[in-house]
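In: Generate a structure from the sequence data that follows.
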Amino acid sequence: MKTDKEIRLAWTGSGLMFDGGPVGGPQIMVDGDSATGPSPMDLVLTGVAACMAIDVKVILEKGRVPFDSIDVTAQGARRGETPRHYSGLRLVFNVTGVPPASRSKVERALELSREKYCSVLFSLRQDIPVEIVLEGG
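Out: I've put the predicted structure just below:
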């Protein structure tokens, strides 16, 4: 298998804490107990939110749509039994400073991210319902 990305992860010797990240890149603490760092599932949810936010920013800039900020709140519902994968996601985007006439362009940017560009979202199981909400203006 040809690979495009590589991360390394090493147990710290304590609890469920691991240090890791891209080889030669910035490292983070991952903690299965969420005490000293985000858990793996927190990182999945963060990855989806960040991926889509980056897509939206790039699309709006290419379309010359002015905005002041992009904030995302991501929520995930997890199955009660093992494997406790996400069974649904809800992402609320608050994009401020967009002229009212350009709101449809923000909606289109969200749609493009979800349907075409967000590689993190496409890496998840395709049967997970994803709700995306646009707030603010």
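In: Verify the contact between residue 96 and residue 60 for me.
Out: No: contact criterion CB atoms under 8 Å: residue 96 and residue 60 do not qualify, at 11.9 Å. From N, CA and C alone the C-beta is placed, and that goes for glycine too.
In: what do the two both touch?
Out: Contact criterion CB atoms under 8 Å, 6 or more residues apart in numbering; residues bridging residue 96 and residue 60 by contacting each: residue 67.
In: And those two? Which one has more around it.
Out: Taking neighbours as other CB atoms under 10 Å, residue 96 and residue 60 compare with residue 60 leading, 20 against 12.
In: gap between that one and residue 12?
Out: The spacing between residue 60 and residue 12, counted by CB to CB, to the nearest Å, is 40 Å.
In: any idea of the pLDDT on the residue sitting nearest the centre point of the chain?
Out: With distances taken as CA atoms, centre = their mean, residue 48 lies nearest the centre of the chain, 1.9 Å away. Looking at residue 48, its pLDDT is 97.
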